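A.B. asks: model the structure of this input:
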Amino acid sequence: MVDADQTFVIVGGGLAGAKAAETLRAEGFSGRVILICDERDHPYERPPLSKGYLLGKEERDSVFVHEPAWYAANDIELHLGQTVDAIDRSAKTVRYGDDGTLVHYDKLLIATGAEPRRLDVPGTDLTGVHHLRRLAHAERLKGVLTALGRDNGHIVIAGAGWIGLEVAAAAREYGAEVTVVEPEGSPLHAVLGPELGQLFADLHREHGVRFHFGARLTEIVGQDGLVLAARTDDGEEHPAHDVLAAIGAAPRTGLAEAAGLEIADRAHGGGIAVDERLRTSDPDIHAAGDVASFHHTLFDTRLRVEHWANALNGGPAAARAMLGRELTYDRVPYFFSDQYDIGLEYSGWAPPGTYDQVAIRGDAGKREFIAFWLKDGRVLAGMNVNVWDVTEPIQQLIRSRAQVDTEALADPHVPLDSLIP
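C.D. replies: Numbers count the residues shown, from 1 in each chain. Okay, here's the model as predicted:
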């Protein structure tokens, strides 16, 4: 039973936390809502940091989830630049801030997100080594790419995942020289597998990006605090003025671990283990966004999803669950990317080893197509590249779990809707 005397605390001021606070008020909760954020900026969305904002095509204010005045107008107690350092589950309190302020909670949402993985090599303390996770990182990197483009400078990017490739595209648009170092044999291997990864390698090569596959950075060479080159484990040395570490992100579970909450194993992405209602092993504590690992009933496995849509939808779902609403969180994972003249959307989950066939609908050579990953004739995931308004039928095909005629699936003249049972 929820009443006006209750206090709901949200730890983490990203998209998931901000949307959870919004949902609590939209659902009629009139108690205290306390949102604690360790950044000094108001809650913001992260996709623009490697896309429009990084490219200078979107203004800084466009990244924020709400106008600053929205929080006071909706009676959200927002604490910026404050870190929660302890949860006392028996007393139902959180401790935060330099002065160790204690606040009681009736329900608690942990939405602490993830943090970029660090390169464990000599030279990472040099001035020109960067990560991209926060707004301050994007602001700094934007200035770096501008200078590199002006001076014909060179950036080495460790990692050919989505962040690495989006920054590579932005760097080339600024005019910087780019080398991407990736231990796999193709970009985006963990998401797309080798079949579609090659398409992105070709795209970036056409725009002047150099790839060095099958290698890892072993040292960043510098002088007087500045980057001069990056060395790889096969003995190569790549000239560089700056280096970006884009080797993935790790869930920020330290607070939950210290509180004794169950943590998912690394094979399932780590993260705070939650059930279908985003509840942790403590029924009064929920988790959402990048930090949460939930059992996805559709794919019958535990997933930790690091995409914008998961924060956008997971925060509100957790808020409703905190209010006692019945729900099952089973959204189909979704993300989007923009690189040069292509835009894409991906729905589903089909890492290498989970599928046995890839079907292409359209013209991959012209980069106007839909790719489908299948297992035993059932669609696990779909990616539309420069083809629009097809996310809904793709997700319906995934949800149906029905076997489809793969020839019809690959035929652009057959409406996708007709394949949905």
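A.B. asks: so Q82 makes contact with R40?
C.D. replies: No - judged on CB atoms under 8 Å, Q82 makes no contact with R40 at a distance of 9.5 Å. Backbone N, C-alpha and C define where each C-beta goes, glycine included.
A.B. asks: show me the contacts for E173.
C.D. replies: E173 sits next to L55, Y340 when contact means CB atoms under 8 Å, 6 or more residues apart in numbering.
A.B. asks: what strand or helix carries it?
C.D. replies: helix 162-174 (DSSP states H and E).
A.B. asks: same question, L397
C.D. replies: Per DSSP H and E: helix 391-400 holds L397.
A.B. asks: so after that helix, what's the next helix or strand?
C.D. replies: helix 406-409.
A.B. asks: measure how far that next one is from the centre of its chain, please.
C.D. replies: 31 Å (CA atoms, centre = their mean, to the nearest Å).
A.B. asks: what residues sit buried inside that helix?
C.D. replies: L409 (16 or more other CB atoms under 10 Å).
A.B. asks: which helices and strands sit right next to the helix holding L397?
C.D. replies: strand 342-348, strand 368-375, strand 378-385 (3 or more CB pairs under 8 Å, 6 or more residues apart in numbering; DSSP states H and E).
A.B. asks: next, format these as CSV and append distance to I10 and mean neighbour count.
C.D. replies: Listed next are these as CSV, based on distance: least, CB to CB, whole Å; neighbours: other CB atoms under 10 Å:
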stretch, distance to I10, mean neighbour count
strand 342-348, 28, 20
strand 368-375, 35, 21
strand 378-385, 31, 24
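A.B. asks: need those strands in a markdown table with distance to S281, can you?
C.D. replies: Listed next are the helices and strands packed on helix 391-400 as a markdown table, based on distance: least, CB to CB, whole Å:
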| stretch | distance to S281 |
| --- | --- |
| strand 342-348 | 28 |
| strand 368-375 | 31 |
| strand 378-385 | 29 |
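A.B. asks: with mean pLDDT and distance to A256 added, can I get those strands in JSON lines?
C.D. replies: Putting the helices and strands packed on helix 391-400 into JSON lines (pLDDT from 0 to 100; distance: least, CB to CB, whole Å) gives the following:
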{"stretch": "strand 342-348", "mean pLDDT": "97", "distance to A256": "28"}
{"stretch": "strand 368-375", "mean pLDDT": "97", "distance to A256": "32"}
{"stretch": "strand 378-385", "mean pLDDT": "98", "distance to A256": "29"}
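A.B. asks: okay but H296 is in contact with N310, surely?
C.D. replies: No - between H296 and N310 there is no contact under CB under 8 Å: 10.9 Å.
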